[in-house]
Each structure stands twice: as structure tokens, then as C-alpha cells.
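In: Curious how this folds, go ahead:
(one chain, ligands or ions: 1)
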Amino acid sequence: MRPRSEYSEPYRIKVVEPIEATTGEEREKIIKKAGYNVFNVPSDKVCIDLLTDSGTSAMSDYQWAGMMVGDESYAGGRNFYNLKETVEEITGFKYVLPTHQGRAAENILTTILVKPGKRVLGNMHFDTTEGHIRLKGGDPVNLVIKEGLETANRHPFKGNIDIERLLSEIHACGSDGISYINITVTCNSNGGQPVSMGNIKEVSKIAKEYSIPVFFDAARFAENAYFIKKREKGYENKSISEIVKEMFSYVDGFTMSAKKDGLVNMGGIFAASDKELFRRAGEWGIIYEGYLTYGGLAGRDLEAMSRGLREVVREDYLEDRIGQVAYLGDCLLDFGVPIIEPTGGHGVYIDAKRFLPEIPQNEFPAQALVVELYIEAGIRAVELGTAAFGYKNEETEEMIYPDLELVRLAIPRRVYTDRHMHMVACALRNIKERKDRIRGLKIVYEAPVLRHFTLEFERL
Ligand SMILES: *Cc1c(COP(=O)(O)O)cnc(C)c1O
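Out: This next block holds a predicted model:
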């Protein structure tokens, strides 16, 4: 096993959670019973769980200690004021509303800002964001640069908004035709790819010119800042905190799922600079989430979130975090496993079309690889291909297949060691050696919406 670098993890381990061992034979039975869908596998039967990086972080001793000083008063609890102070210090935003998770903050923002029939422009809206925009009658438009959709293109900021397309959208429908602009940092939907400071600044300048509000979907704001420091000229000597502050200075507010860069298992934030807008957000917050100072969370959760936000902007933490994702990517490349390059902030994406070229798209190659990974070593990944995004055209009855057939290995924060990562890479190397014997799948059950959570398959 090659070491990642001469540095080690910037933490030591105080509490451990044992992993139950299963045999390949047992896993064959489990996955068959689960209809070859890893969402149906109990997590006790998973050895390394890379289903998502959302809400799966390990909290620090300082965060756990914060749970003991939870103030569970209905109104004005001390943990809310701590959180508010932290958010203001880190992002500069004074008006802060906690929510139970990211989509709840999106619900509030879209309720206030989306006008029916009008567009919401962005790099790539995350699926819950898109859902909320559509529910309020809006039209979400993705304007990521074309390099952002090319799996082998090594552009450093594949999450950037295409400025020309942004301007032509604005010219086509006028600023009245646009509800707001939403920049997702990092861009989750194409692999956690970062947005450059230059791009954020330019989008913000154009938005000001046309009086269009700009918001961040800030789920992975710290990971984005780290990429700016490493890849953008002029930022190499700035601290992460300075970069984060500058990023937020260009927008009018943000929604955030704290289940990612908040380093907590549950929580979200809505924040804005405009007092009037914030008042309206609070009115909806009270209806949907709870009183202004707790927003659907316990006081102790607010404290853990406040402390997590201070830890996530530490450079040694980010170096370790992003370094581990890159390390897994490098191991896979060494073994000849095709992945999206460069690796993004929160996971490694395997290109299943290139890995299993003999399996046609109508036989779910990415899902077949997810199944093999579970059987090989008890590793749970997620399919982002035909199972997740394929659909039937209602009129022509023709199946529409997505361009990409991906398997995502999402890496939880501070949970697994490099040895776990190396084991994941070895499992894929072993699968590669027997890949000619891997068979495709066919669907035996599907739900009418969001089918990939509950799909059931049989082996061909
Ligand atoms: C996870 C996520 C959300 C939704 O947040 P939840 O906490 O899961 O509700 C929104 N946007 C992005 C970019 C995300 O990654």
C-alpha cells in the first residue's frame, strides 16, 4: 500500500464502532434478498458504507461535549446565539435561521423568491433544490461550463457557471424573467467539482447589474474554499477563513445542508443579509420548521453544528479530507479503474461504461458494478446511471438513457482510514480481474417516481 503523503491524519481516535464481518457467500444471499438494490441492505451488513457523505460524519470530542450543554428552552436558547455568532464570523451573514436539514432551508428560500413561470439560473441545481423550484412553479436552468460534463477533462473548476450562457439567458427573458441565481458550492451533481472565486465574482457582478439576487447552495463551502486555495492564482497564501469570507461577500444569502460541511448528522441553515427578506423567511420558518431560534432542531444539535462549522474551515482538516478522496482516486487509477478526473471534494466516481463495456446500458452496468462491490467486500456505493436517471418517454414508449453510467463512492468525513480506502481500491482491482464473468440486471419492480430507491432487480 502506498502512503498518501508524509503527513498523518490530524486527529486520533477515541471511540470506535466495530464493523461486523460477513462472508462473500452471506453477502450473495443478502443482496439477492434485497432485490440487488443496496438501499434494501441493512447497514449492519455493510462493511464500508460509501452510500453518501450526507449526515455520516464523525463528530469531534468538542462537538460531543457541546451536546451536553444543549439549552432546550423553546425560545432564545444559548446554542442558537452561539450558532448565529459562528455563522456571522465565518460567512459575514447576520441573519441566521436554523432548519432541520438543507432541503428545509431550500423550501423557505424558494417559497419567498420563486415566481411562477420564471427561471432560476445556476451551475447545476441539486435534485432537492430542483424539486423545490418546480413545486413553486419555477423553471430551474443549469448553466455549468461544458468542461463540467466531460468526465476526462481536467479543468480545475468544473463547477463554474458558463458566463456567456448566463448573459444570453438574462438577455432572452430579461431580469424580470429570473427569480434568482443559485450557485452550488461545490457542484454536487457533477462530482463535487469546485467553483472558482473569479467565476463567483463575475456572476455576482452581472447579477448586481441586472438586480437579480444571488444565493449559494453552500453544503460544501469549505471544500470549495480549499480548492480555490490550491488551484486559483492569488489565493495560495490566503487562509481558508479569508477565502470563505470572500466567497460569501459576493452573494445575498445562502441555504446549507449542515449534514455535509457542518460536520453534523442532522441540520441546516438559511442566512441572508437583507432584513426584510429575512423577516419573510422567518414567517415561513415558523410554520415549516419551528420557532426562529431552534428551527426543527434540539438545542444540543445547534451547538454541535456551531462547533462543526468552526472545525470544518481548519486547513489541516481540509488537507486530510480532500487528500483522502484524491488518494482513493490515485489508487484506482493505479489499478486501471476508470474514474472522473480530477477527483472532486466528497467522492470518487467510477465510469461504469468504460469499466464494463460488454454490458449494454439497458442491462444496468453501473448497478451491476454496485452489486459486485457489495459481494466482493461488503462495500456499499450508489448508482448514478440508468437506474437513477433512465426513464421512458410517455409518448413514444422509448427508453431514454443518461449520458453517464457512474458508480459514486462518497467518502464520509473523518470516519474511515486510508487502509479502508486501500481496501476499496483492492476490491475494485479484484472485480476488474473477473469482470468478464459479470452479468447485467433486469428490473422486476419499479415505483412511478424516484424509482432507484426501491427498484428490485434480477440477474440476467
Ligand atoms: C445534500 C444537499 C442538499 C439537501 O440537503 P439535505 O440536508 O439532504 O436536505 C442540497 N444541496 C446540495 C448541494 C446537497 O449536497
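In: Please point out which parts of stretch 58-75 sit buried.
Out: Buried positions in stretch 58-75, judged by neighbour count with 16 or more other C-beta atoms under 10 Å: 58-60, 63, 66-67, 70-71. Where C-beta positions appear, they are placed from N, C-alpha and C, glycine not excepted.
In: Equivalent analysis for stretch 155-169, please.
Out: Those would be 157-162, 165-166, 169, for stretch 155-169 by 16+ other C-beta under 10 Å.
In: so what's the closest residue to residue 362 other than its chain neighbours scoring on pLDDT?
Out: In space, and not counting its chain neighbours, residue 362 is closest to residue 399: 6.7 Å by C-beta to C-beta, 6 or more residues apart in numbering. If you check residue 399, the pLDDT there is 89.
In: residues near residue 399, how many?
Out: 12 (other C-beta atoms under 10 Å).
In: And the pLDDT at the residue in the stretch 351-460 of the chain that the ligand sits nearest to?
Out: Evaluated by C-beta to the nearest ligand atom, the stretch 351-460 of the chain has residue 410 as its residue closest to the ligand, separated by 10.1 Å. pLDDT recorded at residue 410 is 98.
In: mean confidence score for stretch 154-165?
Out: Here the average pLDDT along stretch 154-165 is 97.
In: how about that stretch against the ligand, any contact?
Out: No - applying C-beta under 6 Å from any ligand atom, one finds stretch 154-165 separated from the ligand by no less than 10.4 Å.
In: packing partners for the helix or strand where residue 89 lies?
Out: In the assignment (DSSP states H and E), residue 89 maps to helix 78-91. Judged by 3 or more C-beta pairs under 8 Å, 6 or more residues apart in numbering; DSSP states H and E, the packing partners of helix 78-91 are strand 95-99, helix 240-249, strand 268-272, helix 299-312.
In: Swap in 6 Å and give it another go.
Out: Contact here means 3 or more C-beta pairs under 6 Å, 6 or more residues apart in numbering; DSSP states H and E; on that basis helix 78-91 packs against helix 299-312.
In: State the next helix or strand along the chain beyond the helix it packs on.
Out: Once helix 299-312 ends, the next helix or strand along the chain (criterion: DSSP H and E) is helix 315-334.
In: Can I get that following helix as CSV, trimmed to CA atoms?
Out: Presented in CSV, the C-alpha positions along helix 315-334 are these (Å, rounded to 0.1, in the frame of the first residue of the first chain):
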residue,chain,number,x,y,z
GLU,A,315,-6.8,23.8,6.8
ASP,A,316,-5.3,20.7,8.3
TYR,A,317,-8.8,19.1,8.4
LEU,A,318,-9.4,20.0,4.7
GLU,A,319,-6.0,18.9,3.6
ASP,A,320,-6.7,15.5,5.2
ARG,A,321,-10.2,15.3,3.9
ILE,A,322,-9.7,16.2,0.2
GLY,A,323,-6.4,14.4,0.3
GLN,A,324,-8.1,11.1,1.3
VAL,A,325,-10.6,11.4,-1.6
ALA,A,326,-7.7,12.1,-4.0
TYR,A,327,-5.8,9.2,-2.5
LEU,A,328,-8.6,6.7,-3.3
GLY,A,329,-8.8,8.2,-6.8
ASP,A,330,-5.0,7.7,-7.3
CYS,A,331,-5.1,4.1,-6.1
LEU,A,332,-7.9,3.3,-8.5
LEU,A,333,-6.1,4.9,-11.4
ASP,A,334,-3.0,2.8,-10.5
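In: Pull the residues that contact it.
Out: 4, 9-10, 226, 240, 339, 343, 348, 411, 421, 425 (C-beta atoms under 6 Å, 6 or more residues apart in numbering).
In: Buried residues in it, which are they?
Out: Within helix 315-334, the residues that count as buried by 16+ other C-beta under 10 Å are 317-322, 324-332.
In: who's in contact with the spatially most central residue of the chain?
Out: In the chain, the residue lying closest to the centroid (C-alpha atoms, centre = their mean) is residue 188, at 4.6 Å. By C-beta under 6 Å, 6+ apart, the residues touching residue 188 are residue 126.
In: Tell me, how many residues neighbour residue 115?
Out: As a measure of burial, residue 115 has 15 neighbours, counting by other C-beta under 10 Å.
In: out of the buried residues of stretch 58-75, which are inside helices?
Out: If you go by DSSP state H, the buried residues of stretch 58-75 have 63, 66-67 in helices.
In: ok, of those residues, which one's closest to the ligand?
Out: Checking those against the ligand by C-beta to the nearest ligand atom gives residue 63 as the nearest, at 17.4 Å.
In: Could you verify my assumption that the closest one touches residue 307?
Out: Yes - Residue 63 is within contact range of residue 307, at 4.7 Å (criterion: C-beta atoms under 6 Å).
In: What residues sit buried inside stretch 424-439?
Out: Across stretch 424-439, burial judged by 16+ other C-beta under 10 Å covers 424-425, 427-429, 431, 435, 438.
In: Could I get the CA-only coordinates of that stretch as PDB?
Out: Listed next in PDB are the C-alpha coordinates belonging to stretch 424-439 (Å, rounded to 0.1, in the frame of the first residue of the first chain):
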ATOM      1  CA  VAL A 424     -11.900  -0.300  -1.500                       C
ATOM      2  CA  ALA A 425      -9.400   0.100  -4.300                       C
ATOM      3  CA  CYS A 426      -8.200  -3.600  -3.900                       C
ATOM      4  CA  ALA A 427     -11.900  -4.800  -4.100                       C
ATOM      5  CA  LEU A 428     -12.200  -3.000  -7.400                       C
ATOM      6  CA  ARG A 429      -9.000  -4.400  -8.700                       C
ATOM      7  CA  ASN A 430     -10.300  -7.900  -7.900                       C
ATOM      8  CA  ILE A 431     -13.500  -7.200  -9.700                       C
ATOM      9  CA  LYS A 432     -11.600  -6.000 -12.700                       C
ATOM     10  CA  GLU A 433      -9.800  -9.300 -12.800                       C
ATOM     11  CA  ARG A 434     -13.100 -11.300 -13.100                       C
ATOM     12  CA  LYS A 435     -15.100  -8.700 -14.900                       C
ATOM     13  CA  ASP A 436     -15.800 -10.800 -18.000                       C
ATOM     14  CA  ARG A 437     -18.000 -13.000 -15.800                       C
ATOM     15  CA  ILE A 438     -20.200 -10.200 -14.500                       C
ATOM     16  CA  ARG A 439     -23.700 -10.200 -15.800                       C
END
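In: tell me the mean pLDDT over it?
Out: What stretch 424-439 shows for mean pLDDT is 97.
In: what does it rub up against?
Out: With C-beta under 6 Å, 6+ apart, stretch 424-439 has contacts from 331-332, 335, 337, 368, 372, 376-377, 379, 459-460.
In: Can I get those in JSON lines including pLDDT, secondary structure and distance to residue 107?
Out: Output for the contacts of stretch 424-439, formatted as JSON lines (pLDDT from 0 to 100; DSSP: H, G, I helix; E, B strand; the rest coil; distance: C-beta to C-beta, whole Å):
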{"residue": "331", "pLDDT": "96", "secondary structure": "helix", "distance to residue 107": "40"}
{"residue": "332", "pLDDT": "97", "secondary structure": "helix", "distance to residue 107": "37"}
{"residue": "335", "pLDDT": "97", "secondary structure": "coil", "distance to residue 107": "43"}
{"residue": "337", "pLDDT": "97", "secondary structure": "coil", "distance to residue 107": "39"}
{"residue": "368", "pLDDT": "98", "secondary structure": "helix", "distance to residue 107": "36"}
{"residue": "372", "pLDDT": "98", "secondary structure": "helix", "distance to residue 107": "38"}
{"residue": "376", "pLDDT": "98", "secondary structure": "helix", "distance to residue 107": "40"}
{"residue": "377", "pLDDT": "98", "secondary structure": "helix", "distance to residue 107": "39"}
{"residue": "379", "pLDDT": "98", "secondary structure": "strand", "distance to residue 107": "34"}
{"residue": "459", "pLDDT": "95", "secondary structure": "strand", "distance to residue 107": "40"}
{"residue": "460", "pLDDT": "93", "secondary structure": "coil", "distance to residue 107": "41"}
